[in-house]
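S.K.: generate a structure from the sequence data that follows.
(chains A, B, C and D)
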There are 2 protein chains.
Amino acid sequence: MVDRTSGLPAFRQVAADLRAKIASGEYEPGDRLPSERELVESYGVSRPTIRDAVNVLRSEGIVVAEHGRGVFVRRPARIRRLARSRLSRQARESGQGAFLADAATEGFTPSSSVKVGFEPASERVAQLLQIEPGDEVTVRDRVMRADGAVVQLAVSRLPRTLTRHTAIEQVDTGHGGTYARLEEAGHRIASFAEHVGARMPEPQEASALQLGSGVPVITVTRLAVTAERTPLEINDIVLPADRYELAYEWPSD
Amino acid sequence: MVDRTSGLPAFRQVAADLRAKIASGEYEPGDRLPSERELVESYGVSRPTIRDAVNVLRSEGIVVAEHGRGVFVRRPARIRRLARSRLSRQARESGQGAFLADAATEGFTPSSSVKVGFEPASERVAQLLQIEPGDEVTVRDRVMRADGAVVQLAVSRLPRTLTRHTAIEQVDTGHGGTYARLEEAGHRIASFAEHVGARMPEPQEASALQLGSGVPVITVTRLAVTAERTPLEINDIVLPADRYELAYEWPSD
DNA sequence: GAGTGGTCTAGACCACGAA
DNA sequence: TCGTGGTCTAGACCACTCC
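M.R.: Numbers count the residues shown, from 1 in each chain, chains lettered A, B, ... in the order given. Have a look, this model is predicted:
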């Protein structure tokens, strides 16, 4: 029952109570919560108020509602890793792209589809690639799947001057992937930089990645540059935060 | 007006329409949306339905509601960086902790408060620090502020065997901070590892970091280890995703 | 005081899932 | 068929902001 004198809104009291019961283990991952109509009885509030409370927990990502079945405590996500070493030249020479290397480590069956196209550079892309806005860039738009489910979106952009007459403009870039083709063409990658952020997904991202509500996405912008600090490629990656964790490691000096 | 024949729920149609108007620039950052009662008129639905629609946008983090004032398009976040170099030995020797270095770069006035305590190692902490569960660890719980506002939470844990009789057990660790004291005691840090994830905040995090709804947190677990792979410290950091972006950089080989 | 969002009610009907 | 969540209504009163 809610305390009408506490000043705290009823739906927040209900949300806090349910959250506490989940944290304490009274409801465990995979368990079904009492139905909304049962909660109406036990807390003595109306159904819209119960729904407000459940929606708080949904937007926190700790429960998921399934139409016709019930509301369930979300199971803790299994974790994959993206290691720094997956971009090493050695891995590349063994013919593995980064995603394939992850698949081998984590034991899932990888697949991906690619669309290749060309577009004029936007303001942002031009600045990052140090070219002029409107200059033609090659765009590789990839959707990556693990055991059939979409787990990663990546859009890679390179100045078209670097990709003409290379397999980078083909769907299949061949052994070693884009980076191997770049190096063959004399563009040696000296370093990578990644900028990592997080935000709530846009609707099309949420459906593509099959995200439950309350699950953010991790965004990674990776830049590959030469020893002369010339940018070769910019890769915008979107990952579901409930299935990915990024790993970075570096020596202290 | 909503289309009753489309099959799409009315509140989602309203949300999509408002989202499109924000994306197109019809409503710009900082602008007030029409009041809920005005939206009731223009879309021809009830007020709870309008509220459902607005709540969708709130949980996506693209608008914020202010009681008694209106609903506003969120202003794009300014960006700070956590660079890898901020943990360099050089920075440490100049007496700057990582957060102070950020402050100097970004031009804000830093402050922080620390609580120091001791506790038995949890299962997770024991595994990461390679000690036994229950072994005593020193806990430094820090709240970091920029211009008075909380911008970062960090809980650092070290085996107490490493911190006894050092300033690490004091609130003020002195010039160069915890890492400098560790090295003075003969524990030379060889490398750092960071694991980065994202999730929706817990309620106390949301209030401490003054997060609007629909803003995730970035979580960083940093491990400092010696050349012999002995873990010295584990640091659990929570950052508001609308104010932070992490930067990592490494050579290609 | 007028206008805003915040909360809450007591229903109604629909769509989905499982028995 | 029955129980579940999904959607929606037409109000009501409150708390906050601004004039």
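S.K.: ok, which stretches of the stretch 151-253 of chain A are strands?
M.R.: A:191-199, A:217-225, A:231-240, A:244-251 (DSSP state E, counting those that start in this stretch).
S.K.: for the last one, which helices and strands make contact with it?
M.R.: Packing partners of strand A:244-251 (3 or more CB pairs under 8 Å, 6 or more residues apart in numbering or on different chains; DSSP states H and E): strand A:80-82, strand A:217-225, strand B:191-199, strand B:244-251. Placement of C-beta: from N, CA and C, glycine included.
S.K.: wait, which of those is closest to A:Gly70?
M.R.: With CB to CB as the measure, strand B:191-199 is the member of these nearest A:Gly70 (23.4 Å).
S.K.: ok and that closest one relative to strand B:244-251, angle-wise?
M.R.: 140 degrees (axes from the mean of the first three to the mean of the last three CA atoms, to 10 degrees).
S.K.: what is the least confident helix or strand in chain A?
M.R.: Every helix and strand of chain A was ranked by mean pLDDT, DSSP states H and E. The lowest is helix A:89-93, at a mean of 62.
S.K.: ranking the helices and strands packed on strand A:244-251 by mean pLDDT, which is last?
M.R.: Lowest mean pLDDT within those: strand A:80-82, at a mean of 65.
S.K.: how about the nearest residue to A:Ala190, chain neighbours excluded?
M.R.: A:Ala227 (3.9 Å; CB to CB, 6 or more residues apart in numbering or on different chains).
S.K.: per-residue pLDDT, that neighbour?
M.R.: If you check A:Ala227, the pLDDT there is 92.
S.K.: low pLDDT regions in chain A?
M.R.: Chain A contains residues with pLDDT under 70 at A:77-98, A:101-102, A:105-106.
S.K.: residue in it nearest to DNA strand C?
M.R.: Distances between chain A and DNA strand C by CB to the nearest atom of the strand are smallest at A:Gly68, namely 2.5 Å.
S.K.: doesn't that residue fall inside a helix?
M.R.: No. Checked against DSSP: H, G, I helix; E, B strand; the rest coil, A:Gly68 lies outside a helix; its state is coil.
S.K.: who in the stretch 1-150 of chain A is up against DNA strand D?
M.R.: Neighbours of DNA strand D within the stretch 1-150 of chain A, by CB under 7 Å from any atom of the strand: A:33, A:35-38, A:47-48, A:51, A:54, A:65-71.
S.K.: can you turn the buried part of these into a ChimeraX selection?
M.R.: A single ChimeraX command is used to select the members of these judged buried by 16 or more other CB atoms under 10 Å in any protein chain shown:
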select /A:33,36,51,54,65,71
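S.K.: of the residues of the stretch 1-150 of chain A next to DNA strand D, which pair is most distant in space?
M.R.: Most distant of these, by CB to CB, are A:Pro48 and A:Arg69, 20.7 Å apart.
S.K.: in JSON lines, list the helices and strands packed on strand A:244-251 along with distance to A:Thr161.
M.R.: Putting the helices and strands packed on strand A:244-251 into JSON lines (distance: least, CB to CB, whole Å) gives the following:
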{"stretch": "strand A:80-82", "distance to A:Thr161": "30"}
{"stretch": "strand A:217-225", "distance to A:Thr161": "15"}
{"stretch": "strand B:191-199", "distance to A:Thr161": "34"}
{"stretch": "strand B:244-251", "distance to A:Thr161": "25"}
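S.K.: B:Asp147 is nearest to which of the ones you listed?
M.R.: Of all these, strand B:244-251 sits nearest to B:Asp147, with 15.0 Å by CB to CB.
S.K.: paired strands for the closest one, with orientation please.
M.R.: Looking at strand B:244-251 with DSSP bridges, its partner strands are strand A:191-199 (antiparallel), strand B:80-82 (parallel).
S.K.: list the buried ones in it?
M.R.: Of the residues in strand B:244-251, those buried (16+ other CB under 10 Å) are B:244-250.
S.K.: just want the angle from that strand to strand B:217-225.
M.R.: Using the same axes, to 10 degrees, the inter-axis angle of strand B:244-251 relative to strand B:217-225 is 40 degrees.
S.K.: quick one: residues contacting the residue nearest to A:Glu60 when sequence neighbours are not counted.
M.R.: Distance criterion CB to CB, 6+ apart; nearest residue to A:Glu60, sequence neighbours excluded, is B:Met200 at 4.9 Å. Residues in contact with B:Met200 (CB atoms under 8 Å, 6 or more residues apart in numbering or on different chains) are A:59-61, A:214-216, B:216-217.
S.K.: okay if I get the strands of the stretch 151-253 of chain A as JSON lines plus distance to B:Val14?
M.R.: Formatted as JSON lines, the strands of the stretch 151-253 of chain A follow (distance: least, CB to CB, whole Å):
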{"stretch": "strand A:191-199", "distance to B:Val14": "22"}
{"stretch": "strand A:217-225", "distance to B:Val14": "24"}
{"stretch": "strand A:231-240", "distance to B:Val14": "26"}
{"stretch": "strand A:244-251", "distance to B:Val14": "32"}
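S.K.: reformat those as TSV; add distance to DNA strand C.
M.R.: Shown next, in TSV, are the strands of the stretch 151-253 of chain A (distance: least, CB to the nearest atom of the strand, whole Å):
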stretch	distance to DNA strand C
strand A:191-199	21
strand A:217-225	25
strand A:231-240	21
strand A:244-251	27
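S.K.: of all the ones you listed, which one is nearest A:Gln210?
M.R.: With CB to CB, the closest approach to A:Gln210 among the strands of the stretch 151-253 of chain A belongs to strand A:231-240: 8.1 Å.
S.K.: A:Ile131 against A:Arg160, yeah?
M.R.: No. Contact criterion CB atoms under 8 Å: A:Ile131 and A:Arg160 do not qualify, at 9.6 Å.
S.K.: any residues in contact with both of the two?
M.R.: Shared contacts of A:Ile131 and A:Arg160, counting by CB under 8 Å, 6+ apart, come down to A:Val137.
S.K.: so is the residue nearest to A:Ser113 when sequence neighbours are not counted in a helix, a strand, or just coil?
M.R.: Nearest residue to A:Ser113 in three dimensions, chain neighbours excluded: A:Val143, at 5.2 Å (CB to CB, 6+ apart). Going by three-state DSSP, the secondary structure assigned to A:Val143 is strand.
S.K.: ok, A:Ala103 next?
M.R.: helix.
S.K.: can you count the residues close to it?
M.R.: 19 (other CB atoms under 10 Å in any protein chain shown).
S.K.: can you pull the contacts of the residue nearest to it when sequence neighbours are not counted?
M.R.: Nearest non-adjacent residue to A:Ala103, counting by CB to CB, 6+ apart: A:Pro110, 3.8 Å away. Applying CB under 8 Å, 6+ apart, one finds that A:Pro110 lies in contact with A:99-100, A:102-103, A:144-146.
S.K.: and which of the residues you listed is nearest B:Ala190?
M.R.: A:Asp102 (26.0 Å).
S.K.: list the residues that contact A:Met144.
M.R.: A:99, A:110-112, A:150-154.
S.K.: the longest helix anywhere in chain A and DNA strand C, are they touching?
M.R.: The residue-count maximum for a helix in chain A (DSSP state H) belongs to helix A:10-24. Yes. Against DNA strand C, helix A:10-24 shows contacts by CB under 7 Å from any atom of the strand at A:10-12.
S.K.: tell me which element A:Ser42 falls in.
M.R.: helix A:36-43 (DSSP states H and E).
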